[in-house]
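# requesting a structural model of the entry that follows:
(one chain, ligands or ions: 1)
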Amino acid sequence: MKKAMLFLVCAVCGIMWLLMLKPDEPYLSPPVNPAKPDHPTFHSIEDAKPVMPFTMKKAADSEAANTAVSMQAEAVKLLHSLLSSSSAPQAPAVPQVPETPAKTVYLTFDDGPSGLTGEVLDILKENNVPATFFILGKQAEQRPELVSRIAEEGHAIGNHTYDHDYSQLYRKFTLFWDQIKQTEEIIRSITGERPQLLRAPGGTAGKFDETYFKLLKQAGYRVFDWNADSGDSKRIGVPADEIVRQSTMQTAGDEINLLLHDGAGHEETVKALPRIIEHYKEAGYRFAVLTPETAPVQFKVQSKVKPKESQPGSRWVAEHIVPNGQLFDQGKVLTLDMAGLAAEFQPGEYRIENGRLMVPLRSAVERLGGRVSWDAPSRTARVSLSGASWSADPGLGMLWSPHTSMKQPSEVMIWGNAVWIPLRDILHFSGHPLNHVVMKEHAYQIETL
Ligand SMILES: [Zn+2]
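Residues are numbered from 1 along each chain as shown. I've put the predicted structure just below:
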């Protein structure tokens with residue numbers, strides 16, 4: 001294996017995306033928003049093994065801590081299989097946990113958006129404080145303009161299931177899952193973002209068994225309960241004075257995660273809100289939105305919650321849970337060393353779809369010092385890289401080399417206006433198949449033969 005000149009592309013390689021397309025040259029174009037790619041729906045992944053995601057640094061979950069080492073080994077193994085065959089995605093990255101100043105209050109509103117949400121947003125705006133809204137898919141469908149407004153005004157959006165129906169949600173995990181995914185798609189269709197934060201209707205206490213916690217975490221979600229309850233849903237019509245009292249007598253400490261509701265019938269909560277905000281401002285709290293990096297408040301699994309009678313099977317987990325984690329994993333840089341030629345892909349510049357690591361063809365080839373030209377009549381990309389020439393037909397899903405008579409099906413395809421291709425196909429057709437993968441904290445390092 002000859003080492004050629006090291007061709008290190010700048011880490012800020014968003015520049016590569018600026019190779020804009022003409023309309024008849026689809027492969028040249030970047031995705032609409034490469035930093036936040038639009039993830040197509042997942043399909044089943046055969047033979048995928050479940051992998052535990054990395055846990056949050058501050059998560060008080062000893063089980064996660066104990067398994068961190070084996071998880072890392074498992075993740076490396078997975079990435080190997082990812083590059084060599086159709087398999088599972090990598091584990092989510094370790095989130096960065098920013099230092100949080102002492103005394104933070106997270107205002108959280110559940111069950112909206114409703115006819116009251118606009119007023120809540122007005123009050124938050126007047127007071128210049130952010131909040132987190134755990135919204136119901138059913139409500140979001142009816143009031144998409146409020147969902148947009150929540151996002152536009154800098155608040156966080158979390159998923160609170162579709163219809164809040166305990167009898168379905170807590171009967172078995174797959175029913176809960178279906179509502180989470182349904183709501184996620186509704187929210188994404190409105191805001192363009194997938195909510196990673198979840199709040200269980202009624203909270204997890206007495207409702208989640210171990211499987212719920214484990215699989216949601218593995219799927220990349222962050223489940224938040226609360227440590228302070230405004231009491232606004234204790235009964236119908238709790239008066240504002242009582243809500244203020246309950247909301248401001250908290251002893252939860254320096255990080256208060258306050259449960260409030262903006263669903264229908266919570267007019268008294270709206271009345272109470274200015275006084276609650278005033279209280280925490282005077283007490284020196286900062287207001288913040290929950291993020292995936294926020295240490296979650298979670299109720300412990302209660303011993304009275306027996307495992308549900310119906311548990312998802314390993315195949316279901318492999319097909320639904322395992323690929324889901326990659327939706328939220330955009331934290332690692334992908335570095336590629338192909339026979340001494342190096343290229344780097346920032347998070348969001350590559351994707352993992354159907355268990356395959358996909359890169360934009362032109363950008364990947366050019367970063368490795370090759371060239372791509374588009375043959376418009378045949379709608380075929382012609383690649384010249386590392387001394388090899390080959391063609392990719394995204395319409396037929398085929399790759400072939402006119403010189404070596406190599407020919408094989410490929411998941412090469414057009415996404416947006418760009419041609420994307422499994423990275424392993426580029427390596428294979430260029431005569432440098434994968435050698436090994438090194439997983440570092442912030443990067444996947446891929447080396448070829
Ligand atoms: Zn609720």
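
# nearest spatial neighbour of the residue in the stretch 201-350 of the chain that the ion sits nearest to, skipping sequence neighbours?
Closest approach between the stretch 201-350 of the chain and the ion, counting by C-beta to the ion: P201, at 4.5 Å. (Each C-beta comes from the backbone N, C-alpha and C, glycine too.) In space, and not counting its chain neighbours, P201 is closest to H164: 4.5 Å by C-beta to C-beta, 6 or more residues apart in numbering.

# for the spatially most central residue of the chain, what are its contacts?
Residue closest to the average C-alpha location in the chain (C-alpha atoms, centre = their mean): F328, at 1.9 Å. Residues in contact with F328, defined by C-beta atoms under 8 Å, 6 or more residues apart in numbering, are 92, 194, 196, 220-221, 292.

# just the pLDDT at it, thanks.
On pLDDT, F328 comes in at 79.

# what's the answer for the one 3 residues further on, then?
Reading off the per-residue confidence, G331 sits at a pLDDT of 68.

# pull out the buried residues from the helix or strand harbouring L215.
Secondary-structure assignment from DSSP states H and E places L215 in helix 210-218. Buried residues in helix 210-218, counted by 16 or more other C-beta atoms under 10 Å: 211-218.

# now do stretch 272-283
Buried, per 16+ other C-beta under 10 Å, within stretch 272-283: 272-273, 276-277, 279-280.

# same question for it, mean pLDDT?
96.

# mind telling me which residue of the protein is nearest the ion?
D110 (4.0 Å).

# partner residues bridging the closest residue in space to that residue that isn't next to it in sequence?
Excluding the flanking residues, the one nearest D110 by C-beta to C-beta, 6+ apart is F134, at 4.7 Å. In this entry, F134 is beta-bridged to D110, G158, by DSSP bridges.

# pull the contacting residues for A200.
Residues near A200 by C-beta under 8 Å, 6+ apart: 161, 169, 207-208, 212, 223, 225.

# now do S391
375, 380-383, 399-402.

# so among those residues, which ones count as buried?
Burial by neighbour count, judged by 16+ other C-beta under 10 Å, picks out 380-381, 383, 399-401 from those.

# circling back to that earlier point, what would the buried residues of stretch 272-283 look like in JSON lines with distance to the ion and secondary structure?
What follows is those, written out as JSON lines (distance: C-beta to the ion, whole Å; DSSP: H, G, I helix; E, B strand; the rest coil):
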{"residue": "A272", "distance to the ion": "18", "secondary structure": "helix"}
{"residue": "L273", "distance to the ion": "17", "secondary structure": "helix"}
{"residue": "I276", "distance to the ion": "18", "secondary structure": "helix"}
{"residue": "I277", "distance to the ion": "21", "secondary structure": "helix"}
{"residue": "H279", "distance to the ion": "24", "secondary structure": "helix"}
{"residue": "Y280", "distance to the ion": "22", "secondary structure": "helix"}
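
# any chance of the residues you listed in JSON lines, plus distance to S233?
Listed next are the buried residues of stretch 272-283 as JSON lines, based on distance: C-beta to C-beta, whole Å:
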{"residue": "A272", "distance to S233": "13"}
{"residue": "L273", "distance to S233": "15"}
{"residue": "I276", "distance to S233": "15"}
{"residue": "I277", "distance to S233": "19"}
{"residue": "H279", "distance to S233": "20"}
{"residue": "Y280", "distance to S233": "20"}
